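Peer 1: Below are the sequence and a predicted model; questions follow.
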Amino acid sequence: MHLKSWKDTFLDPATSPAQYTKTLSIKYPYHFTMQDVGWIRTFASVRRFKMDSSRSFDTRDTHISLIPLYAFSPALESLHIVSRGMFSSRISKLALTFPLLHSLEVDIRGISREDYDYGWYDANCPSDDGSKTIPPPLILPVLTGTLKLSIRGGLVLMVPMLLSLDGNIRARRLDLGCRGDNPEDVKWTQAILEECLPTVETLGVYLSATL
């Protein structure tokens with residue numbers, strides 16, 4: 001309803017307040033299609049973006065398309081995603097389209113072990129949303145601000161991709177949290193901490209798993 005109201009009110013994107021918006025928050029993005037690319041890209045000055053689908057009655061977010069959000073704002077510096085089961089590979093691909101990104105917060109709730117998605121490194125895995133047809137960015141972001149990961153299914157869902165950025169993780173604030181029984185969380189916590197050790201100033205860790 002709100003999206004329809006926005007489109008009906010600002011028929012000409014050039015006359016909308018989108019170009020002046022610095023902070024954008026979207027909830028329940030279940031109706032995104034490629035036809036939405038036009039109005040989303042009018043928010044080209046957004047520096048802080050949050051997408052929250054956690055309050056939906058639908059327990060899975062695997063059918064949400066993130067492609068309309070790819071690189072929608074070249075000025076984006078902070079990305080915060082709260083989801084109930086969206087695969088981490090899709091979040092990673094979205095994050096990598098913002099070259100100025102320095103703060104990343106990911107909160108994935110309700111994903112189970114059988115939903116583990118290792119597609120971030122497997123070029124042969126089937127594409128779930130068509131994102132494999134989009135070429136990788138020429139300039140990768142350097143995360144120098146906040147890196148916050150709270151992932152119910154385990155840090156293995158996100159940390160390997162971050163480590164593959166080859167030195168682009170220089171977070172000053174690192175928050176890691178996992179509620180689950182995955183023993184690999186300890187290993188991946190150590191790995192990401194070692195990567196950030198030269199720059200980290202604030203550290204918070206909560207793990208349910210034990211050695």
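Peer 2: Happy to help now that I have it.
Peer 1: going forward, measure contacts and count neighbours with C-alpha atoms only.
Peer 2: Will do.
Peer 1: right, and Arg170 touches Leu143 too?
Peer 2: Yes - counting by CA atoms under 8 Å, Arg170 touches Leu143, with 5.6 Å between them.
Peer 1: the more surrounded of those two?
Peer 2: Neighbours per residue, other CA atoms under 10 Å: of Arg170 and Leu143, the larger number sits with Leu143, 24 against 20.
Peer 1: ranges for the helices of this structure?
Peer 2: Ranges of helices in the chain, per DSSP state H, are 2-9, 37-40, 88-95, 159-163, 184-196.
Peer 1: Quick one: closest of the ones you listed to Lys27.
Peer 2: Counting by CA to CA, Lys27 lies closest to helix 2-9 out of the helices of the chain; the figure is 10.4 Å.
Peer 1: And the spatially most central residue of the chain, how close does it get to Ser54?
Peer 2: Nearest to the geometric centre of the chain sits Ile91, at 3.8 Å (CA atoms, centre = their mean). Using CA to CA, to the nearest Å, Ile91 is found at 15 Å from Ser54.
Peer 1: do Val142 as well
Peer 2: Relative to Ser54, Val142 is positioned 27 Å away (CA to CA).
Peer 1: Check Ser164 too.
Peer 2: From Ser164 across to Ser54, the span is 28 Å (CA to CA).
Peer 1: So those two - more neighbours on which side?
Peer 2: Applying other CA under 10 Å to Ser164 and Ser54 shows that Ser54 carries more neighbours, namely 21 against 12.
Peer 1: which residues touch the more buried one?
Peer 2: Contacts for Ser54 (CA atoms under 8 Å, 6 or more residues apart in numbering) come out as 28, 82-84, 109.
Peer 1: now the strands: where do they sit in this structure?
Peer 2: Along the chain, the stretches classed as strands by DSSP state E are 23-27, 48-52, 78-83, 103-108, 146-151, 173-178, 202-207.
Peer 1: now the ones you listed in JSON lines, with mean pLDDT and mean neighbour count?
Peer 2: As requested, the strands of the chain are exported to JSON lines (pLDDT from 0 to 100; neighbours: other CA atoms under 10 Å):
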{"stretch": "strand 23-27", "mean pLDDT": "91", "mean neighbour count": "13"}
{"stretch": "strand 48-52", "mean pLDDT": "94", "mean neighbour count": "17"}
{"stretch": "strand 78-83", "mean pLDDT": "94", "mean neighbour count": "21"}
{"stretch": "strand 103-108", "mean pLDDT": "94", "mean neighbour count": "21"}
{"stretch": "strand 146-151", "mean pLDDT": "93", "mean neighbour count": "22"}
{"stretch": "strand 173-178", "mean pLDDT": "93", "mean neighbour count": "20"}
{"stretch": "strand 202-207", "mean pLDDT": "92", "mean neighbour count": "13"}
